[in-house]
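S.K.: Dropping a prediction and its sequence here:
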Amino acid sequence: MNLLFAWRYFRSKKSTNAINIIAWISIAAIAVGSAALIIILSVFNGFEGLVKSLYVDFYADMRIVPAKGKTLLLNKEQVAGIRATSGITTLGFIAEEKALLVNGELQTIVYIKGVDEQFTQLNKIAAHIKRGRFETGTTEAPTLVLGVGIENAIAADVTKKGYPLTLYMPNRQAARFGSADGLNAFNALAAGTFMVQQDFDNKYAFTNLAFLKYMLNMGPDEYSALELKINSDPDQIKAALQKQLGNDYIVETRYEQNRSLYAVMQMEKWVIYGILSLILIVAAFNMVGALTMLVLEKQKDIAILKALGANDQNIERIFLSEGFLLATVGGGAGIVLATIICWLQMKYKLVKLGGDTFIIDYYPVQMMPTDFALVACTILIIALLAAWIPSRKAGRDQLSLKS
């Protein structure tokens, strides 16, 4: 019954044309606000998904690191226990250290990562080789795979095999403050360059595990980390490994390896949602004006309904339903408009990114049902709060048919 009255008031011609104009302005504002909110959230989802996919290509499913210090010890029994853990398919041993990479007069700080033969099975780094190939060499003849940012910083050229790079690394056994004896130096050729994401491209270089362990004077059972590929629930595998290894080791899932990144992306999304919700709040002010003028327009109707036995709550519900109707029409139109725009962008890549430095040249879009539900709930809550003020006035006013 309340919606029936609200629908008749929505469709009927008003004595003052301004009421219709303000009502349609409020509907248009809600439509624009809801469409903008869904489009921006969908674009953010697209970028978030793209960034996460790049991190997935670089990081392993799971990693074991020392709870204290920079190295961990894993004996044969521990490694065998890890291999026997259900859900683990591949193990990759890692040695990692900061180093100075020099090419003539050019130099840059890199994170040099020694990896074994299983490394390319743990991630998709081999698919991001830009020039050359992913080849780390041997202990006696090591080769380097550089990020493109590092390659540019020292003007390296992987196509010129006769020009080795010099790698300076700390010598843990002979290290003394201010002494050159604290550094190991070794020449190595660059075999390839990769391009994944700027954070990785400007930071990492790869070589073979045996060579890096030799440079760092690591023992046979000493590593920086152990990376794992899994095929089942990561939380269950983490719990099993943590129980097996004890508190001297930390087991991290892919999310925990990049906890700060995911936390920042989630916070950014909520900030965007909060800012764009202000558009809907502004639209609510138009709705307050439209419903207030409608209450003044329908004073005789309200008086008749009260004379027929309607109480204050019945009158309030009628105008709350009117606000709900305005929000539904505006929000529904905005959601349909946003869906069409997002679909066109996904299919035809209409809106391009400026410049040519990013890995894609268009705005990525990913529509998520949770965003649609969130926007719909936000519209309804804001609309009902906006409608509450004039509906309360309509219910509380004492009107007479004689006026």
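M.R.: That came through, no problem. Numbers count the residues shown, from 1 in each chain.
S.K.: okay, CA-based contacts and neighbour counts for the rest of this
M.R.: OK.
S.K.: And the strands in the stretch 51-200 of the chain?
M.R.: 62-66, 72-73, 88-103, 106-115, 129-132, 143-147, 165-170, 183-194 (DSSP state E, counting those that start in this stretch).
S.K.: what is the mean pLDDT for the fifth one?
M.R.: Along strand 129-132, the predicted local confidence has a mean pLDDT of 93.
S.K.: Point out the other elements, helices or strands, that it touches.
M.R.: Applying 3 or more Cα pairs under 8 Å, 6 or more residues apart in numbering; DSSP states H and E, we find strand 129-132 packed against strand 183-194.
S.K.: now swap in the longest one and tell me
M.R.: In this structure, strand 88-103 makes packing contacts with helix 76-83, strand 106-115, helix 119-122, strand 165-170, helix 209-215, strand 222-223, strand 225-230, judged by 3+ Cα pairs under 8 Å, 6+ apart.
S.K.: Out of these, which is the most enclosed?
M.R.: A comparison of the helices and strands packed on strand 88-103 by mean neighbour count, using mean count of other Cα atoms under 10 Å, puts strand 225-230 on top with a mean of 22.
S.K.: So in that sheet, which strands flank it, and in what orientation?
M.R.: Here strand 225-230 is paired, per DSSP bridges, with strand 62-66 (antiparallel), strand 88-103 (antiparallel).
S.K.: average model confidence for the shortest one?
M.R.: pLDDT averaged over strand 62-66 equals 97, rounded to a whole number.
S.K.: where does that strand sit relative to the chain's centre, distance-wise?
M.R.: Distance of strand 62-66 from the chain centroid (Cα atoms, centre = their mean, to the nearest Å) equals 23 Å.
S.K.: Can you pull out the residues in contact with that strand?
M.R.: With Cα atoms under 8 Å, 6 or more residues apart in numbering as the test, strand 62-66 has contacts from 71-72, 224-230, 234, 248-254, 257.
S.K.: hey, where'd the helices end up in this protein?
M.R.: Secondary structure of the chain by DSSP state H: the helices cover 2-11, 17-58, 76-83, 119-122, 148-153, 198-201, 209-215, 234-245, 254-257, 259-297, 299-307, 312-348, 369-396.
S.K.: any idea which of the strands paired with strand 225-230 is most buried?
M.R.: Most buried of the strands paired with strand 225-230 by mean neighbour count (mean count of other Cα under 10 Å) is strand 62-66; its value is a mean of 21.
S.K.: Of the strands paired with strand 225-230, which is nearest Ala210?
M.R.: strand 88-103 (8.9 Å; Cα to Cα).
S.K.: what's the average pLDDT for the closest one?
M.R.: Mean predicted lDDT for strand 88-103 stands at 96.
S.K.: Stretch 385-398 too?
M.R.: pLDDT averaged over stretch 385-398 gives 79.
S.K.: likewise stretch 48-58?
M.R.: 88.
S.K.: Quick check: buried residues in it?
M.R.: For stretch 48-58, burial by neighbour count (16 or more other Cα atoms under 10 Å) applies to Glu48, Leu50, Val51, Lys52, Leu54, Tyr55, Val56, Asp57, Phe58.
S.K.: Go ahead and confirm Gly92 touches Asp116.
M.R.: Yes - judged on Cα atoms under 8 Å, Gly92 makes contact with Asp116 at a distance of 6.3 Å.
S.K.: need the helix or strand of the protein with the lowest average pLDDT.
M.R.: Here the helix or strand of the chain ranked lowest by mean pLDDT, DSSP states H and E is helix 2-11, holding a mean of 62.
S.K.: Output the helices of the chain as CSV; include the columns distance to Gly354.
M.R.: CSV is the format used below for those (distance: least, Cα to Cα, whole Å):
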stretch, distance to Gly354
helix 2-11, 45
helix 17-58, 15
helix 76-83, 48
helix 119-122, 33
helix 148-153, 21
helix 198-201, 17
helix 209-215, 41
helix 234-245, 39
helix 254-257, 31
helix 259-297, 21
helix 299-307, 56
helix 312-348, 16
helix 369-396, 27
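S.K.: For those helices, which has the smallest mean pLDDT value?
M.R.: Among these, helix 2-11 scores lowest, with a mean of 62.
S.K.: and stretch 155-163, how far out from the chain's middle?
M.R.: 37 Å.
S.K.: Buried ones in it, by neighbour count?
M.R.: Buried, per 16+ other Cα under 10 Å, within stretch 155-163: Ala156, Asp157, Val158, Tyr163.
S.K.: okay, now Ile22: neighbour count?
M.R.: As a burial measure, Ile22 scores 18 neighbours (other Cα atoms under 10 Å).
S.K.: which residues does the closest residue to it other than its chain neighbours contact?
M.R.: Nearest in space to Ile22, with sequence neighbours left out and distances taken as Cα to Cα, 6 or more residues apart in numbering, is Ala290 at 5.4 Å. Under the criterion of Cα under 8 Å, 6+ apart, the neighbours of Ala290 are Ile19, Asn20, Ile22, Ala23, Ser26.
S.K.: same thing but 10 Å
M.R.: 18-26, 284, 323, 326, 387, 390 (Cα atoms under 10 Å, 6 or more residues apart in numbering).
S.K.: possible to save these as TSV with distance to Leu189?
M.R.: Shown next, in TSV, are the contacts of Ala290 (distance: Cα to Cα, whole Å):
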residue	distance to Leu189
Ala18	77
Ile19	77
Asn20	76
Ile21	73
Ile22	72
Ala23	72
Trp24	69
Ile25	67
Ser26	67
Ala284	65
Gly323	71
Leu326	69
Ala387	72
Pro390	77
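S.K.: ok, of the residues you listed, which come out buried?
M.R.: By 16+ other Cα under 10 Å, the contacts of Ala290 give Ile19, Asn20, Ile22, Ala23, Trp24, Ile25, Ser26, Ala284, Gly323, Leu326, Ala387, Pro390 as buried.
S.K.: from what I can see the second one touches Met287, true?
M.R.: No - no contact is recorded between Asn20 and Met287 when judged using Cα atoms under 10 Å, the distance being 11.2 Å.
S.K.: Pull up the overlap in contacts between these two.
M.R.: Ser26, Met293.
S.K.: Between the strands paired with strand 225-230, which one is closest to Ala394.
M.R.: strand 62-66 (61.4 Å).
S.K.: Distance to Gln121 for the strands of the stretch 51-200 of the chain - can I get that in TSV?
M.R.: What follows is those, written out as TSV (distance: least, Cα to Cα, whole Å):
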stretch	distance to Gln121
strand 62-66	13
strand 72-73	22
strand 88-103	7
strand 106-115	11
strand 129-132	15
strand 143-147	16
strand 165-170	26
strand 183-194	16
